[in-house]
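Peer 1: pasting the sequence and the predicted coordinates here, then a few questions.
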Amino acid sequence: MSLPNLEPASFEPAMSPDELRLVRNTALTILALVVLRLAAAAWTPLTFDEAYYWMWSKHLAGGYYDHPPMVAVVIRLGTMIAGDTELGVRLVSIVLALPMSWAVYRTAAILFGGVRVATTAALLLNITLMAAVGTLIVTPDGPLLVASSFVLFFLAKVLETDRGAWWLAVGAAVGAALLSKYTSLFFGPAILIWLVRVPKLRHWLISPWPYLGGIVALAIFAPVILWNADHHWVSFIKQIGRARIEDFRPAFIGELIPTQIAFATPLAGILGAMGLHALFWRNAGALAARALVNAMFWTITLYFVWHSLHARVEANWFAPIYPAFAIAAAVAAHLARWEGRPRRIVDFCQRWAAPSGILLFALLIVQANTGVLSDYRRDATVRSVGVGWRELAGQIEAVRARLGAGCVLAPDYGTTGWLAFYLPKGSCVVQPMQRIRWVNMPEPDPAQLGGKLLYVDEARPGGRPYLKDTFARVERVAELTRMRGPLTIETYALDLLDGAKGDVLDRSPPPELE
């Protein structure tokens, strides 16, 4: 059985006292989750990606080697408020969960009606690890998740009002998404599929409004285009290169499925899958509403499933689908009609999805910071989260000061970011290779590179042979460990470098331009 195929109402009746109470309680719960993330943000050291993006934020530009600039802007706004601290880096990203939640709430209310569907969608999105961790750990996926929620909301307003001016808002949201991550290009075909699929929306195909919205999106994205034009299109080439499909390697889909179950959290994931089934087969809701959620979900999902048959797909790449996925989960909970075992599964998931999602998030934060849940052994978080770096940086600074080294060198962007963040403010930290990553930043002072240097790298047999080709003197002066409790995460070798034989910086073009 299914619900009648009713079109979304163009007005909202006054809420009953019970509905008002539900909205208030949901808002308070989401606010409490934001406060929980803020506490976790202040406790948890930066990941290496966050430290790298923090360095971007000190030199804002129209683009960067890896991504568009939105993540740098978000970090810059946060550090202007809370300083160069872990909380400052993450502050704005976490707080953006509030407008994101409002957008999903309003979208669900417009598309499917009813306060219960709307509040459930907003809450379920917030308890997924994609949203909880994705807004806590600042990467391009955080602002992309927020922008995706508003793309969906403004499209719902187009449907509700049939007013062309809302296409300008759609364009603005897509533009903001494009400033976050290039994956947002998939919104174009998703919107086109929606318009073609719904007969009453096809008139927009010959209306100027969607195309004006496209111009708005392009105008917002223009700084990224101009930056790439000035840098040999390197960022576009790098990201398009990820889409290059070569060998058929279906084993990667075996990684994709469990990671998405984890990021959705299992119970919310079950609800989302059942909701997608209901929207696709059971005619739960109006055609236009169903088609919008399906287009926004499946256009991106099917591409990445296909991609995973040939190459690895990172779990966070699915961030843009999660607003639609949360709404589908709410449809499963409140609109689709289930009987027997499916009804019991839905009831169980609806009751326990939020508590289990919050518990998983809390356990993940505790584990990442302490390792206590794995008895202090290695786990998936141990390398990427900078636990122990504050203490390690203090030891590195003591060695640098004792030897009189003018600058600290590191071989990769992650170590460079961590050093720059945790060493004393103003320290000279340089990655001598891959200079394209730092093209927006001032060149290091030649005087600091001309004397003694301290090279920090993970200890490995044989060290870095090319150092002896570049410097007359290479002397191991210390080996220091990064610890999480009793666990040694990494051992770092510190080499004193002196007598540069040429330019310390490797100015070779990036591999994308060779």
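Peer 2: Alright, I've got the coordinates. What you are looking at is a predicted structure, and each value in this text was computed from that prediction instead of being measured.
Peer 1: check the residue most central in space within the chain and give its pLDDT.
Peer 2: Nearest to the mean C-alpha position of the chain, counting by Cα atoms, centre = their mean, stands Asp141 at 2.0 Å. With respect to pLDDT, Asp141 has a value of 94.
Peer 1: excluding its backbone neighbours, what's nearest it?
Peer 2: Nearest non-adjacent residue to Asp141, counting by Cβ to Cβ, 6 or more residues apart in numbering: Ala319, 4.1 Å away. (C-beta placed from N, C-alpha, C; glycine too.)
Peer 1: for Trp56, same thing?
Peer 2: Nearest residue to Trp56 in three dimensions, chain neighbours excluded: Ala72, at 3.9 Å (Cβ to Cβ, 6+ apart).
Peer 1: number of residues surrounding that neighbour?
Peer 2: 24 (other Cβ atoms under 10 Å).
Peer 1: specify the local secondary structure of it.
Peer 2: Secondary structure state of Ala72, per DSSP: H, G, I helix; E, B strand; the rest coil, is helix.
Peer 1: pull the longest helix from the protein.
Peer 2: Ranked by residue count under DSSP state H, the longest helix found in the chain is helix 341-370.
Peer 1: what's that helix packed up against?
Peer 2: Judged by 3 or more Cβ pairs under 8 Å, 6 or more residues apart in numbering; DSSP states H and E, helix 341-370 is in contact with helix 17-43, helix 115-127, helix 129-136, helix 266-281, helix 322-334.
Peer 1: now the strand or helix carrying Ile396, how far from the centre of its chain.
Peer 2: Per DSSP states H and E: Ile396 is located in helix 389-403. Taking Cα atoms, centre = their mean, to the nearest Å, one finds helix 389-403 lying 31 Å from the centre of the chain it belongs to.
Peer 1: give the rounded mean pLDDT of whichever helix or strand comes after that helix.
Peer 2: The C-terminal neighbour of helix 389-403 among helices and strands, as given by DSSP H and E, is strand 407-409. The average pLDDT within strand 407-409 is 96.
Peer 1: what's the first helix or strand after strand 407-409?
Peer 2: Next along from strand 407-409, by DSSP H and E: helix 413-422.
Peer 1: using the three-state scheme, assign Ala336.
Peer 2: Following three-state DSSP, we place Ala336 in the coil state.
Peer 1: again with the one 3 residues further on
Peer 2: When states are read from three-state DSSP, the local structure at Glu339 comes out as coil.
Peer 1: how much space separates the residue nearest to Trp56 from Asp230?
Peer 2: Noted for Ala72: a distance of 17 Å to Asp230, by Cβ to Cβ, to the nearest Å.
Peer 1: the helix or strand Leu111 falls within: how far from the chain's middle?
Peer 2: In the assignment (DSSP H and E), Leu111 maps to helix 97-112. Relative to its chain's centre, helix 97-112 lies at 19 Å (Cα atoms, centre = their mean).
Peer 1: avg pLDDT for that helix?
Peer 2: Computed over helix 97-112, the mean pLDDT rounds to 97.
Peer 1: got the buried residues for the helix holding Ile396?
Peer 2: 389, 392-393, 396-397, 399-400, 403 (16 or more other Cβ atoms under 10 Å).
Peer 1: so which of the residues you listed is the closest to Leu494?
Peer 2: Lowest distance from Leu494 to the buried residues of helix 389-403 (Cβ to Cβ) belongs to Val399, with 5.6 Å.
Peer 1: now that closest one: how far from Glu475?
Peer 2: 12 Å.
Peer 1: ditto for Thr161
Peer 2: Using Cβ to Cβ, Thr161 is found at 71 Å from Glu475.
Peer 1: dump the residue contacts of the nearest residue to Thr370 once chain neighbours are set aside.
Peer 2: Nearest residue to Thr370 in three dimensions, chain neighbours excluded: Gly485, at 6.2 Å (Cβ to Cβ, 6+ apart). By Cβ atoms under 8 Å, 6 or more residues apart in numbering, the contact list for Gly485 reads 370-372, 376.
Peer 1: tell me, how many residues neighbour the residue lying closest to Gly502 once chain neighbours are set aside?
Peer 2: In this structure, Gly502 finds its nearest non-sequential neighbour in Thr470, 7.0 Å apart by Cβ to Cβ, 6+ apart. By the measure other Cβ under 10 Å, the count of residues near Thr470 is 17.
Peer 1: so what's Thr470 up against?
Peer 2: Counting by Cβ under 8 Å, 6+ apart, Thr470 has contacts 497, 500-502, 504.
Peer 1: same check on Ala131?
Peer 2: Residues near Ala131 by Cβ under 8 Å, 6+ apart: 97, 100, 125, 145, 322.
Peer 1: out of the residues you listed, who's nearest Glu255?
Peer 2: Taking the contacts of Ala131 together and measuring to Glu255 by Cβ to Cβ, the closest member is Tyr322, at 18.8 Å.
Peer 1: tally of neighbours for Leu77?
Peer 2: By the criterion of other Cβ under 10 Å, Leu77 has 17 neighbours.
Peer 1: for the helix or strand it falls within, packing partners?
Peer 2: Taking DSSP H and E as the criterion, Leu77 maps to helix 70-82. Where contact means 3+ Cβ pairs under 8 Å, 6+ apart, helix 70-82 is packed against helix 48-57, helix 86-95, helix 141-161, helix 166-180.
Peer 1: if we use 6 Å, what do you get?
Peer 2: Helix 70-82 is packed against helix 48-57, helix 86-95, with contacts defined by 3 or more Cβ pairs under 6 Å, 6 or more residues apart in numbering; DSSP states H and E.
Peer 1: average pLDDT for the first one?
Peer 2: Per-region confidence: helix 48-57 scores 97 on mean pLDDT.
Peer 1: how about it as CSV, C-alpha atoms only?
Peer 2: The C-alpha coordinates for helix 48-57 follow below in CSV (Å, rounded to 0.1, in the frame of the first residue of the first chain):
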residue,chain,number,x,y,z
PHE,A,48,46.8,16.8,9.1
ASP,A,49,44.3,18.0,6.4
GLU,A,50,42.9,20.6,8.8
ALA,A,51,46.3,21.9,9.6
TYR,A,52,47.0,22.1,5.8
TYR,A,53,43.8,24.0,5.2
TRP,A,54,44.5,26.3,8.2
MET,A,55,47.7,27.3,6.4
TRP,A,56,45.5,28.1,3.3
SER,A,57,43.3,30.3,5.5
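Peer 1: any idea how far it is from the chain center?
Peer 2: Here helix 48-57 shows a centroid-to-chain-centroid distance of 13 Å under the convention Cα atoms, centre = their mean.
Peer 1: just want the angle from that helix to helix 70-82.
Peer 2: 80 degrees (axes from the mean of the first three to the mean of the last three Cα atoms, to 10 degrees).
Peer 1: got the angle between helix 48-57 and helix 129-136?
Peer 2: Calculated by the same axes, to 10 degrees, helix 48-57 forms an angle of 40 degrees with helix 129-136.
Peer 1: okay, now the nearest residue to Val151 once chain neighbours are set aside: neighbour count?
Peer 2: With Cβ to Cβ, 6+ apart as the measure, Ala173 is the residue that lies nearest to Val151, at 4.4 Å, once sequence neighbours are left out. Per other Cβ under 10 Å, the neighbour tally for Ala173 reads 27.
Peer 1: pLDDT wise, what is the residue nearest to Val372 when sequence neighbours are not counted at?
Peer 2: Nearest residue to Val372 in three dimensions, chain neighbours excluded: Val366, at 6.6 Å (Cβ to Cβ, 6+ apart). pLDDT, Val366: 95.
Peer 1: circling back to that earlier point, identify the residues contacting the residue nearest to Val151.
Peer 2: Going by Cβ atoms under 6 Å, 6 or more residues apart in numbering, Ala173 touches 147, 150-151, 154.
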